[in-house]
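Asks: coords below, sequence missing:
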């Protein structure tokens with residue numbers, strides 16, 4: 001549908017999209033639209049990677065979804081844009097294979113043309129990305145692949161943990177939600 005500013009916005013068939021993201025680019029299951037309104041010639045629709053999406057805060061962002069198959073979170077926020085939590089998690093674990101995520105990053109970044117339109121690599125999840133035990137490895141790997149900043153979107157509830165703060169040192173930008 002068209003937002004009041006005339007921007008094209010798509011609603012997800014499996015949940016609402018993050019409020020920060022106005023999709024001019026791609027997301028699994030969405031049409032491919034370039035910012036100028038034309039067809040995007042290089043859709044990115046992998047298991048863990050999606051986009052680029054246009055973010056008001058970050059520019060054109062390549063999304064890295066650590067939990068693509070189900071929402072894993074330590075909260076059940078009624079307003080969450082990805083819907084209800086499917087797996088309420090209190091512990092950090094390897095909910096998805098870290099090696100699969102690293103492999104997709106390698107495949108995508110093997111062609112420098114794929115990274116050219118990207119402003120930032122954004123680690124997110126259907127849920128809370130800091131619950132993934134491989135977060136530090138993923139952040140370090142992403143930083144070695146491109147001269148692009150790496151961001152993490154988090155609900156902030158695990159930031160009191162020393163191991164989480166240490167792993168987040170691998171990110172250039174950490175955006176905690178202060179309303180969770």
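Replies: Received, thanks. Computed from a predicted structure; not experimentally measured.
Asks: can you map out the strands along this protein?
Replies: 21-22, 44-45, 49-55, 59-65, 72-73, 87-88, 120-124, 150-154, 173-176 (DSSP state E).
Asks: Mean neighbour count and distance to residue 112 for those - can I get that in TSV?
Replies: Quick note: C-beta positions are derived from backbone N, CA and C, even for glycine. Shown next, in TSV, are the strands of the chain (neighbours: other C-beta atoms under 10 Å; distance: least, C-beta to C-beta, whole Å):
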stretch	mean neighbour count	distance to residue 112
strand 21-22	21	25
strand 44-45	18	14
strand 49-55	24	15
strand 59-65	23	13
strand 72-73	23	33
strand 87-88	14	37
strand 120-124	26	14
strand 150-154	24	17
strand 173-176	16	22
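Asks: Turn these into TSV, columns for mean pLDDT.
Replies: Below are the strands of the chain laid out as TSV (pLDDT from 0 to 100):
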stretch	mean pLDDT
strand 21-22	36
strand 44-45	72
strand 49-55	92
strand 59-65	95
strand 72-73	96
strand 87-88	94
strand 120-124	96
strand 150-154	97
strand 173-176	96
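Asks: For residue 103, find the nearest of those.
Replies: Within the strands of the chain, the stretch nearest residue 103 is strand 49-55; the backing value is 10.7 Å (C-beta to C-beta).
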